[in-house]
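*Asks:* Here you go, sequence then predicted model.
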Amino acid sequence: MKRPLIPIVVVVVIALSVGGFFVYRGVAMPDEKPGVVEGSGTVEAREIGVAAETSGIIRELLVEEGEQVEAGQVIAELDREILEAEVARAEAALFTAEMQLADVARGARNEEIRARSAQLREALAAAEGARTLAKTAREAYERPTHLRAGVDTAEAQLASARASYEAAQAQQEEAIAGPRSQEVAQAEAALRQAEAALLGAESELAQVQRAYDQRLAADTQVTAAETELEVSRAAAEAAEAKRDLVEAPPRPHARDQIVERIAGARAALDQATDNLERIRTLYEAEAATEQELEAAETGYEQAVAGLSEAEAALADLDAGARDMERRQAEAGLAQAAAASRGAARSVENARREQTILEATTRQQLERARSGVAQARHARDQAAAALDLALEGTRREKLRQAAARVDGAEAGVMGAESAVENAAQIEEDRFELRSQLENATKAVDTADARVDAAKAQLDLALAGATDEALEMARGQVMQAEAALAGAEARLADTEVVAPTAGTISEAILREGEAVNPGSVIVRMLDLDNLWVRIYLPLIQFGKISLGQPCDIYSDAYPGDAYPGTVQTVADESEFTPRNTQTKEERVKEVFWVKVDVGDGEGELKPGMPVDVAIHTGDPQ
């Protein structure tokens, strides 16, 4: 009796399937061998946030996502107008301080010294005349000789009148000389400083106005980011559902659940479609940016992909799961989770930007406008002062100096006439006593004036005091420090890469505002990759630093990438949720960090890999 062929065919098919599975396992990841400890993990890389060191508006973003950069390469440039105006103000202030120091160090002019000398001679002559008058008054009081007293008085007045005439001539020479070149240079520096301050105030007003006008755009960015987050979450849920569907056997009502997810994906697609149409309408009305339109289009494409994945999951459920589909589901879940995290960061950045822009109130705008008005008024005053210095001594002062000379000359002539008529003076004894008292007081007053004139002349001859010079030097040092600080802040407008790497994400774009510490882009160091695996205690005891490793990836079956044990844990912990070992999950494990280097340019962050550590000891 012949046996039926169907059981034999079934046995052959099963045998071929099992053999194929073990052949695949031997290629993708070799079986554990003596002296080898195996584990699984995910490729990771160090992420670096490149942040601004000063506040401002991003004028130009010089890199794109995925671009390789070198250490010190300029990543972005911030607006420089306000800081350039600040540097100009600091330079003008330094020039003014240097001119003041030169003026103090140079001391008094020759005209000023001659004027002080003339004032001293005038005071000495007045003092001598007062003493002569006092002597004559005493003699006249003790021995009334009216004629001699009158003559002495007239001669003293004549000497005083001649000294006044010399002083008036010295003052006239000083007025004709006009202002010094240092005074004109100081007035020019003050005008430049006022113009720089006006430029800075106008730039600050323009920046505040732009920030105030961007509030509507910030609201649109927040809405777009939230929509993108919802779409990415829906995609993550769809990827997780697909993974669960692939790994687990079909459950009751599984098809109904996938149908419900398809309905949810279609609802997300409808929402993304509405959002895209809204953003396109705003973009055509110039109320939304090109970046917002791109974000809305990306959200729409992700919603379409989510719907396609849900429909594919239904088809996979009907067809049954395969090993390749499991790996694809894991990869899709990892990508969806990464997209969800990126969308969450975008929402956080958009909300932070919205908060910054809302802080720009009408009161700040009014203060900026008031600052422009005050700076313009100060500029006008400095211009008027420079015009006055360039014009020189006014004609009114010249005429006044000439009138003083004429008056002093007339006084000399009158004193000379008084000397000639002194013999005609006759006074009684009471008047002589009054004259004596007045003459004594006049001597004291004249001596005080002599002392004051000597002090003024000594001050002009000695020049500036050490304290005045030190104060002027201190002002120069202060202005130099202010200029250095302004130049340093201007240099901070160039944001550079702290190290070599790859741009993984651009957080902010051109035209957006930043504060000190605001992250503009994120970088990945792809030359120093690593894998963190978790091992039970029985295997952890065989691990030591420097042991060689082989890394296997499902993306490149059969290829092994070299690695080295870099760090081991010093205490145990429970197995993380996203890590699977051959032992039960509830057991304590130890983590091991394996250095992968650059992964030969093929391994990328986020890729799941298997690690085989060569311990050198037979198991």
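*Replies:* Looks like it came in fine.

*Asks:* For my notes, confirm D550 occurs in a strand.
*Replies:* Yes: under DSSP: H, G, I helix; E, B strand; the rest coil, D550 falls within a strand.

*Asks:* Three-state assignment for V609, please.
*Replies:* State at V609, reduced to three classes by three-state DSSP: strand.

*Asks:* ok, what's across the strand from it?
*Replies:* G41, S553 (DSSP bridges).

*Asks:* If I look at T575, what pLDDT would I see?
*Replies:* For T575, the model assigns a pLDDT of 58.

*Asks:* What is the least confident helix or strand in this structure?
*Replies:* Taking mean pLDDT, DSSP states H and E as the measure, the chain has helix 5-28 as its least confident helix or strand, at a mean of 41.

*Asks:* quick check: domain ranges of the protein?
*Replies:* 1-30, 32-45+526-614, 48-79+493-523, 86-208+369-488, 214-360 (automatic domain parsing).

*Asks:* Would you mind giving those domains as CSV with mean neighbour count added?
*Replies:* C-beta coordinates here come from the backbone N, C-alpha and C atoms, glycine included. Output for the domains of the chain, formatted as CSV (neighbours: other CB atoms under 10 Å):
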stretch, mean neighbour count
domain 1-30, 10
domain 32-45+526-614, 17
domain 48-79+493-523, 17
domain 86-208+369-488, 17
domain 214-360, 18
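
*Asks:* weakest of those domains in terms of mean pLDDT?
*Replies:* domain 1-30 - the lowest mean pLDDT of the domains of the chain, at a mean of 42.

*Asks:* Show me where the stretch 451-600 of the chain has its strands.
*Replies:* 494-496, 501-506, 513-514, 519-524, 529-536, 548-553, 560-568, 573-574, 588-597 (DSSP state E, counting those that start in this stretch).

*Asks:* and what of the stretch 101-250 of the chain?
*Replies:* Going by DSSP E, counting those that start in this stretch, the stretch 101-250 of the chain shows no strands.

*Asks:* Would you state the helices of it in chain order?
*Replies:* 110-142, 146-177, 181-213, 215-247 (DSSP state H, counting those that start in this stretch).

*Asks:* Nearest to A418, out of the ones you listed?
*Replies:* helix 146-177 (4.1 Å; CB to CB).

*Asks:* ok, so what distance separates A52 from A76?
*Replies:* 8 Å (CB to CB, to the nearest Å).

*Asks:* no, scratch that, I was asking about A418
*Replies:* Note on A418: its distance to A76, by CB to CB, is 87 Å.

*Asks:* before we move on, what about M523?
*Replies:* 13 Å.

*Asks:* cool, and A560?
*Replies:* 41 Å.

*Asks:* need the helices for the stretch 301-450 of the chain, in chain order.
*Replies:* For the stretch 301-450 of the chain, the helices defined by DSSP H, counting those that start in this stretch cover 323-358, 362-391, 395-420, 429-462.

*Asks:* okay, the angle between the second one and helix 181-213?
*Replies:* I take that to be helix 362-391. 160 degrees (axes from the mean of the first three to the mean of the last three CA atoms, to 10 degrees).

*Asks:* starting at the chain centroid, how far to helix 362-391?
*Replies:* Put simply, helix 362-391 sits 26 Å off its chain's centre (CA atoms, centre = their mean, to the nearest Å).

*Asks:* The shortest one now?
*Replies:* Using CA atoms, centre = their mean, we find the averaged C-alpha position of helix 395-420 to lie 66 Å away from the chain's own average C-alpha position.

*Asks:* for that helix, packing partners?
*Replies:* helix 146-177 (3 or more CB pairs under 8 Å, 6 or more residues apart in numbering; DSSP states H and E).

*Asks:* For V514, give me its contacts.
*Replies:* Shown in contact with V514 (CB atoms under 8 Å, 6 or more residues apart in numbering): 52, 55-58, 78, 508, 520.

*Asks:* and with 10 Å instead?
*Replies:* 51-58, 76, 78, 353, 356, 495, 507-508, 520 (CB atoms under 10 Å, 6 or more residues apart in numbering).

*Asks:* From A167, how far out is E284?
*Replies:* With CB to CB as the criterion, E284 and A167 are 83 Å apart.
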